[in-house]
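Turn this into a model:
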Amino acid sequence: MIVIFKPLLLIDNFKIKKNMKKLFTLITAVALGSLTSNAQIYDNGTIVNNPVLGVGGADVSSLHDGLNSLGMNHASGLGYRVADDFIIPAGQTWTIDSIAFLAYQTNSGNASTITDVNCAIFNGSPAIGGSIVLGDTITNLMQSTYFSNIYRTADAAFTNTARPVMRNIVVPQSAWSLPAGTYWVAWQTGGTLTSGPWAPPLTNANMATGDAIQFNPDGSIWNPILDGGATADPQGLPFQIYGTVTTSINSIEVEDALTILPNPSKGNFMINATFSNRCNLEINVMDLQGRSIYSENVSDVSVLTKNVVLNDVSKGIYLLKLTSDSGKVLTKKIVVD
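Purely as a prediction, here's the structure:
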């Protein structure tokens with residue numbers, strides 16, 4: 001008989017587990033599939049910090065030196081759940097076709113043992129009263145699950161294959177549409193093994209990687225996800241959103257105009273804008289994740305002619321937004337090729 005002590009299941013903790021005997025034999029379950037979706041419109045971050053250094057050239061997500069938590073429990077069978085936030089920039093509406101999550105079960109092998117994922121989007125942190133606006137906490141929305149070609153390992157244990165990470169794709173029963181705002185996506189995952197499933201945290205050069213939270217069914221409470229090491233650093237979780245972005249322009253008078261030349265460009269372009277009245281302007285260039293990559297304030301203009309140079313910017317689509325002190329907004333897509 002295997003006895004499970006629930007306090008140890010909050011976090012897959014390396015220092016706790018490294019001396020434990022293996023309690024499970026391998027169970028093989030295959031749920032392979034593919035998904036055709038629209039473009040990726042949001043990426044919360046990566047878990048890979050050692051690409052192609054794993055067995056067979058796989059990528060490795062290894063514990064940052066000083067950290068201790070390999071993964072966070074979000075097992076649907078035990079009532080655990082995790083959540084993390086994302087921001088839809090002002091002037092945008094996102095139509096979500098699918099979301100990709102990552103999870104592993106220890107000693108699963110590379111054939112996925114993941115069986116289900118439910119997913120809900122909240123209009124604020126569920127820890128402080130956010131409400132579900134899309135999805136629910138019951139319905140299995142998983143369409144496909146497969147090996148992500150990533151192994152989660154202890155620090156520098158690049159040849160360890162005990163924790164193959166699965167990529168799990170959830171697809172809403174009908175497309176989800178969200179206006180601008182800050183949202184939290186919460187999810188649970190089930191599998192055929194008794195280990196986890198575990199959600200690996202974001203892994204990069206920083207000890208603190210985000211502000212994700214975990215629901216603990218023992219106290220029916222959401223808690224910050226903190227690494228199990230001495231410094232208890234807050235952690236973020238990986239997920240990617242796929243769909244389409246619609247950009248709207250609010251409160252623009254007919255005589256207002258905005259042009260960008262050249263567009264596409266190499267990141268060096270000229271802004272020409274006219275306004276019906278003199279105003280103070282805030283110039284912002286954002287990526288599709290809403291992160292500002294350029295900002296500047298201009299005072300007392302009715303005609304704006306401005307050369308903008310985006311240094312070291314990646315190829316892709318960006319959003320230029322001009323906001324006047326009267327609340328008027330001009331927006332335009334920028335393509336960097």
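
Quick check: can you list the domain ranges of the chain?
Under automatic domain parsing, the residue ranges defining each domain of the chain are 6-245, 249-336.

and these, which is most packed in?
domain 6-245 (a mean of 19; mean count of other CB atoms under 10 Å). C-betas here are computed from N, CA, C, even on glycine.

from the middle of its chain, how far away would it be?
Centroid separation for domain 6-245 versus its chain: 9 Å, with CA atoms, centre = their mean, to the nearest Å.

which stretch in the domains of the chain has the least confidence?
Mean pLDDT per stretch puts domain 249-336 lowest among the domains of the chain, at a mean of 83.

quick one: Gly56 is in a helix?
Yes. Under DSSP: H, G, I helix; E, B strand; the rest coil, Gly56 sits within a helix.

give the contact list for it.
In this structure, Gly56 makes contact with no residue, judged by CB atoms under 8 Å, 6 or more residues apart in numbering.

and if you look at Ala257?
The neighbours of Ala257, taking CB under 8 Å, 6+ apart as the test, are 272-274.

Just the ones of those in strands?
When strands are assigned by DSSP state E, the members of the contacts of Ala257 inside them are 272-274.

Grab the most central residue of the chain for me.
The geometric centre of the chain, computed from its C-alpha atoms, lies nearest to Asn44 (CA atoms, centre = their mean), at 2.5 Å.

what is the residue nearest to that residue when sequence neighbours are not counted paired to in the beta sheet?
On the basis of CB to CB, 6 or more residues apart in numbering, the spatially nearest residue to Asn44 that is not a chain neighbour turns out to be Phe239, at 5.1 Å. On DSSP bridges, the residues paired with Phe239 through beta bridges are Phe101.

quick one, what contacts Val313?
Contacts for Val313 (CB under 8 Å, 6+ apart) come out as 267, 293, 336.

scratch that, Arg152
Applying CB under 8 Å, 6+ apart, one finds that Arg152 lies in contact with 47, 61-62, 70-71, 104, 163-165, 198, 200.

Of the residues you listed, which pair is most distant in space?
Taking CB to CB as the measure, these reach their widest spread between Ser62 and Trp198, a distance of 14.9 Å.

List the contacts of Gln40.
Contact criterion CB under 8 Å, 6+ apart gives 240-242 as the residues in contact with Gln40.

would you turn those residues into CSV with distance to Ile283?
Shown next, in CSV, are these (distance: CB to CB, whole Å):
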residue, distance to Ile283
Gln240, 29
Ile241, 27
Tyr242, 30
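
and of those residues, the nearest to Ser125?
Ile241 (17.9 Å).

Once you drop chain neighbours, what's closest to that closest one?
For Ile241, the closest residue by CB to CB, 6+ apart turns out to be Tyr42, at 4.0 Å.

So the one you found versus Trp94, what's the distance?
The spacing between Tyr42 and Trp94, counted by CB to CB, to the nearest Å, is 8 Å.

Common neighbours of the two, please.
Between them, Tyr42 and Trp94 have Ile241 as joint contacts when contacts are counted by CB under 8 Å, 6+ apart.

one step back: quick check: the residue nearest to the centre of the chain touching Leu202?
Yes. With contact defined as CB atoms under 8 Å, Asn44 and Leu202 form a contacting pair (7.3 Å).

list residues touching both of these two?
Residues touching both Asn44 and Leu202 (CB under 8 Å, 6+ apart) are 210, 236-238.

Now render these as TSV, adding secondary structure.
Formatted as TSV, those follow (three-state DSSP):
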residue	secondary structure
Gly210	coil
Gly236	coil
Leu237	coil
Pro238	coil
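
Just give me the closest of those to Ile138.
Among the shared contacts of Asn44 and Leu202, Leu237 lies closest to Ile138 (CB to CB), at 20.8 Å.

gap between the closest one and Phe86?
When CB to CB is the yardstick, Leu237 and Phe86 sit 11 Å from each other.

Val309 now?
Going from Val309 to Phe86 by CB to CB gives 29 Å.

again with Lys315
Lys315 sits at a distance of 23 Å from Phe86 (criterion: CB to CB).

Please, which helix or strand holds the nearest residue to Pro179 once chain neighbours are set aside?
Of all residues not flanking Pro179 in the chain, Thr93 sits nearest, at 5.4 Å (CB to CB, 6+ apart). Of the helices and strands defined by DSSP states H and E, Thr93 is found in strand 92-103.

what's the following helix or strand past that strand in contact with?
Per DSSP H and E, strand 92-103 leads on to strand 114-122 as the next helix or strand towards the C-terminus. Residues outside strand 114-122 that contact it (CB under 8 Å, 6+ apart) are 29, 31, 76, 83, 99, 101, 103, 105, 130-142, 145, 166, 168, 170, 176, 178, 183-192, 197.
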